[in-house]
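Trainee: Predicted model, plus sequence, below.
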Amino acid sequence: MSLVSCQLWAMRSSSLLLLFFLADVSDVLGRSDFRICAFNLHSFGESKSKNSQVMQTLARIITRCDVCLLQEVRDSKGKALPQLLDSLQRYDTKHKYKAVASERLGRSETYQEQYVFVYRTDSVTVTGQYQYPDDKPGDVDAFSREPFVVRFKAPKTAIREFTLIPQHTTPSNTTKELDALYDVLQRVRKMWRTENVMLLGDFNADCGYLAKKNRKYVRLLTENNLFWLITDDVDTTVRSTTSCSYDRIVVHGETFHRAIVPSSAKPFNFQEAYQLTEDQALDVSDHYPVEVQLKVDNSPFGGANKPTNQESLFSFLVLGHFVLQMLPW
Ligand SMILES: *[C@@H]1O[C@H](CO)[C@@H](O)[C@H](O)[C@H]1NC(C)=O
């Protein structure tokens, strides 16, 4: 290679590098993501909040998510949740975290749980919340822990706004409560005039709690336009002796379904990911979190007519070609 062609080659490569840099190619290729998670913390309260190893692992898990639904929060003194938020903030300094929590819910005074949504303030805002009153005529008090419904705006996602309906069913009433969730869905769709609804949480929707013969009575399973992203064959339990698909993510509507990254819904096996023993993992929870990714809006223009990743990459290459042609070599 002559000196001149060598220089030319170097110029071309550095221009290419510059071009890649300007176009923020990582976004064009869709490497940034947006994750929604649901995690049953198995009795999260004072005792877990005092275990620094557990808190560290919880921080690692929860900070993977843009929005994370926590269940079985049993924080009677109201101190454990602020401590958890502190741990998240210390573990992940790149994002700011906030939480919205339901009241303490449950049929008995002595056993109550809260639903808590932890979210990154730089990627989502809360635009509405609704404690389902459980007052449907003919079916009053269907739930032990009535859904605490939260609406989010997420400008960087392709769907832009969505509503989450959480549920931790009572194992002995799983069939009934899952069916009643369908009524909550209808009410929320009407009230907020939205189709973009996701139902998620520890549904106890497997093994002994949801018998095959009862599934035909569960409208959340039989009605059209609902997509069960975590399927029956998935194991969301930590114990090696159990394999049950308790924790689920269900999406309502074609539009929302199309805004999901295909095959991204899965449990997060934190025991394996962080190389914990089964006992160490069980100190954190007896459930894996389940998670799903939403497609991210990569278009520089935003708006409704978003090009797909392939289209963006194609225009980027065409543009790059013309820029290189115009350079005076
Ligand atoms: C199951 O549901 C029925 C009716 O909604 C309720 O009366 C009963 O207390 C529930 N069982 C439990 C364990 O919550």
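Mentor: Sure, I can see it.

Trainee: Which elements pack onto the strand ranked longest in the chain?
Mentor: Longest strand of the chain, by residue count under DSSP state E: strand 34-44. For strand 34-44, the packing partners by 3 or more C-beta pairs under 8 Å, 6 or more residues apart in numbering; DSSP states H and E come out as helix 52-62, strand 67-73, strand 197-202, strand 247-252, strand 290-294. (Glycine included, C-beta is placed from N, CA and C.)

Trainee: Export those as CSV, with columns for mean pLDDT.
Mentor: Formatted as CSV, those follow (pLDDT from 0 to 100):
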stretch, mean pLDDT
helix 52-62, 98
strand 67-73, 98
strand 197-202, 98
strand 247-252, 98
strand 290-294, 98
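
Trainee: got these as JSON lines, with distance to the ligand and mean neighbour count columns?
Mentor: Output for these, formatted as JSON lines (distance: least, C-beta to the nearest ligand atom, whole Å; neighbours: other C-beta atoms under 10 Å):
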{"stretch": "helix 52-62", "distance to the ligand": "28", "mean neighbour count": "18"}
{"stretch": "strand 67-73", "distance to the ligand": "15", "mean neighbour count": "24"}
{"stretch": "strand 197-202", "distance to the ligand": "15", "mean neighbour count": "26"}
{"stretch": "strand 247-252", "distance to the ligand": "20", "mean neighbour count": "25"}
{"stretch": "strand 290-294", "distance to the ligand": "24", "mean neighbour count": "23"}
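
Trainee: Nearest to residue 275, out of the ones you listed?
Mentor: helix 52-62 (11.2 Å; C-beta to C-beta).

Trainee: Quick one: residues in contact with the closest one.
Mentor: 37, 39, 41, 48-49, 68, 70, 83-84, 87-88, 90-92, 118, 268, 270, 274, 276, 280, 283-284, 289 (C-beta atoms under 8 Å, 6 or more residues apart in numbering).

Trainee: Which among the residues you listed count as buried?
Mentor: 37, 39, 41, 48-49, 68, 70, 84, 87-88, 92, 118, 268, 270, 276, 283-284, 289 (16 or more other C-beta atoms under 10 Å).

Trainee: Could you give the number of residues near the closest residue to residue 207 other than its chain neighbours?
Mentor: Among residues not flanking residue 207 along the chain, residue 244 sits closest, at 4.0 Å (C-beta to C-beta, 6 or more residues apart in numbering). Residue neighbour count, defined by other C-beta atoms under 10 Å, stands at 19 for residue 244.

Trainee: if I've got this straight, residue 244 is in a strand?
Mentor: No. Using DSSP: H, G, I helix; E, B strand; the rest coil, the secondary structure at residue 244 is coil, not a strand.

Trainee: What's the separation between residue 51 and residue 83?
Mentor: According to C-beta to C-beta, to the nearest Å, residue 51 stands 11 Å off from residue 83.

Trainee: in this protein, which segments are predicted with low confidence?
Mentor: Applying pLDDT under 70 to the chain flags the ranges 1-31, 299-324, 327-329.

Trainee: Next, the residue of it found nearest the ligand: secondary structure please.
Mentor: Of all residues in the chain, the one sitting closest to the ligand is residue 173 (3.8 Å; C-beta to the nearest ligand atom). Following three-state DSSP, the label given to residue 173 is helix.

Trainee: Can you tell me the number of residues neighbouring it?
Mentor: Neighbours around residue 173, by other C-beta under 10 Å: 15.

Trainee: Next up, the contacts around it.
Mentor: Counting by C-beta under 8 Å, 6+ apart, residue 173 has contacts residue 144.

Trainee: My read is that residue 145 contacts residue 180, right?
Mentor: No. Distance between residue 145 and residue 180: 11.7 Å, which falls outside the contact criterion (C-beta atoms under 8 Å).

Trainee: Output whatever helix or strand comes next after the longest strand of the chain as PDB, nothing but the C-alphas.
Mentor: Downstream of strand 34-44, the next assigned helix or strand under DSSP states H and E is helix 46-49. The C-alpha atoms that make up helix 46-49 are tabulated as PDB, following Å, rounded to 0.1, in the frame of the first residue of the first chain:
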ATOM      1  CA  GLU A  46     -38.000  -5.400  58.300                       C
ATOM      2  CA  SER A  47     -36.100  -8.700  58.500                       C
ATOM      3  CA  LYS A  48     -35.100  -8.800  54.900                       C
ATOM      4  CA  SER A  49     -34.200  -5.100  54.900                       C
END
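
Trainee: Which strands and helices lie in contact with helix 46-49?
Mentor: helix 52-62, helix 80-91.

Trainee: quick one, the last one and helix 52-62 angle?
Mentor: To tie it back to what came earlier, the one meant is helix 80-91. 70 degrees (axes from the mean of the first three to the mean of the last three C-alpha atoms, to 10 degrees).
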